[in-house]
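J.: Test case, fold it:
(chains A and B)
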Amino acid sequence: MFEVTTEPLDARRAESAVTHARAGAISTFTGIVRDTSRGRTVTHLEYEAFAEMATAQMRKIADEIADRWPETRVAMAHRTGRLEIGEASVVVSVSAPHRAAAIAACQWGIDRLKESVPIWKKEHAADGTYWIEGDEAVKASS
Amino acid sequence: MESMTVAVAIHTRLFARLREQAGIDAETVQVPERSTVEDVYAALRRAHPALESNLDAVRPAINQEFSDWDAVVGQGDEVAFIPPVSGGANTVPGVPANSRRRL
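T.: Predicted coordinates:
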């Protein structure tokens, strides 16, 4: 399961997609919209995606994970559109025969997703809106 | 308009901050044959001068694959210009740093 969706994310669905009889462990990361960022109060977020390329990049990351951690299965989902505080923006779920590989591969998967999947975050804060680009917050036009 | 140069049509796409700067999310541009991704971006910047001038802050992709700035485009290619993603800090997997520069 690799998807970009405007619908609320369900971590259990990602876990269901990776579970199987030889998988003794599932590790799931869920990213949540928080109410502060870089000292600013955040009211809500907007995510924008290059959806076709984003899902293709997710598949590539899953292939990389399969090369590094044998017998893993990966699911990734990212939400787009307007998200409120407390909502899930991203889910990465990895199953493996044992927990060490599941946890390591899950962390690696979310790190790679955040650096290479074309999805952008716009923060709506009390003092304006900002595109978040790596370590930088760049004032947005609207 | 007469010219010996054969033009190719390139379907460009802009996202996030670049989309806002240009005021468009897609535009088909005509460039000479054997043009590079950098030439395509320069053509877009002529039409939309507010577009980011620092190529280090943009990652090109041809047909949904990250590419080099000096990759050559062909008729009908889709070329996307991608600002840094939230966890990216300008790292471009597989693209050497010396291929990134200012216009």
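J.: What ranges does chain A have for its strands?
T.: A:2-5, A:25-32, A:36-37, A:40-49, A:73-79, A:81-84, A:88-96, A:119-125, A:128-133, A:136-139 (DSSP state E).
J.: can I get those strands in JSON lines with mean neighbour count?
T.: Using the backbone N, CA and C atoms, a C-beta is placed for each residue, glycine as well. Below are those laid out as JSON lines (neighbours: other C-beta atoms under 10 Å in any protein chain shown):
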{"stretch": "strand A:2-5", "mean neighbour count": "18"}
{"stretch": "strand A:25-32", "mean neighbour count": "18"}
{"stretch": "strand A:36-37", "mean neighbour count": "13"}
{"stretch": "strand A:40-49", "mean neighbour count": "17"}
{"stretch": "strand A:73-79", "mean neighbour count": "25"}
{"stretch": "strand A:81-84", "mean neighbour count": "14"}
{"stretch": "strand A:88-96", "mean neighbour count": "24"}
{"stretch": "strand A:119-125", "mean neighbour count": "21"}
{"stretch": "strand A:128-133", "mean neighbour count": "20"}
{"stretch": "strand A:136-139", "mean neighbour count": "15"}
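J.: could those strands be laid out in CSV, adding mean pLDDT and distance to chain B?
T.: Shown next, in CSV, are the strands of chain A (pLDDT from 0 to 100; distance: least, C-beta to the nearest C-beta, whole Å):
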stretch, mean pLDDT, distance to chain B
strand A:2-5, 97, 13
strand A:25-32, 97, 10
strand A:36-37, 86, 10
strand A:40-49, 93, 5
strand A:73-79, 98, 11
strand A:81-84, 97, 13
strand A:88-96, 97, 10
strand A:119-125, 94, 4
strand A:128-133, 90, 4
strand A:136-139, 84, 6
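J.: Reformat those into a markdown table and put distance to residue A:112 next to each item.
T.: Below are the strands of chain A laid out as a markdown table (distance: least, C-beta to C-beta, whole Å):
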| stretch | distance to residue A:112 |
| --- | --- |
| strand A:2-5 | 13 |
| strand A:25-32 | 12 |
| strand A:36-37 | 22 |
| strand A:40-49 | 16 |
| strand A:73-79 | 10 |
| strand A:81-84 | 22 |
| strand A:88-96 | 9 |
| strand A:119-125 | 13 |
| strand A:128-133 | 17 |
| strand A:136-139 | 20 |
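J.: how many neighbours does whatever residue of chain B ends up closest to chain A have?
T.: Among all residues of chain B, residue B:87 sits closest to chain A, at 2.6 Å; criterion: C-beta to the nearest C-beta. Other residues lying near residue B:87 total 21 when counted by other C-beta atoms under 10 Å in any protein chain shown.
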